[in-house]
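J.: no sequence on this one, just coordinates:
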């Protein structure tokens, strides 16, 4: 199983988006989470750094400018989705990635306090 480090740039981006009220409180993450095509479209107009800021986890040992490097997406490349943070929390907890789990939980708590 892969190991993940928390992506501090993603945590910072999520906090900025929450502060700017760029979030969706109720959504079906299974319907709105970005798929591979959405990621490709985003990468056509944005840098790998910007792409990475939408992922709470960085796959340890993966090459920097690859999709394999980025895990635990929490938004739709425009806004934070509460359901996306819940999905990150659940997946990280299920796979015992404690640091990513804590980051998702703290962002979820922050979003709930701000909304």
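T.: Cool, the structure landed. None of these values were measured; they are calculated from a predicted model. Numbers count the residues shown, from 1 in each chain.
J.: what about the nearest residue to residue 98 once chain neighbours are set aside, how many neighbours?
T.: If the residues on either side of it in the chain are set aside, residue 98 comes closest to residue 92, at 7.5 Å by CB to CB, 6 or more residues apart in numbering. Using the backbone N, CA and C atoms, a C-beta is placed for each residue, glycine as well. By other CB atoms under 10 Å, 24 other residues sit near residue 92.
J.: can you pull the contacts of residue 92?
T.: 4, 56, 57, 72, 98, 100, 101, 104 (CB atoms under 8 Å, 6 or more residues apart in numbering).
J.: any idea how far residue 99 is from residue 8?
T.: Residue 8 sits 11 Å away from residue 99, taking CB to CB, to the nearest Å as the criterion.
J.: same deal with residue 70?
T.: 15 Å.
J.: more neighbours: these two, which one.
T.: Each of residue 70 and residue 99 has its neighbours counted (other CB under 10 Å); residue 70 has more, 24 against 14.
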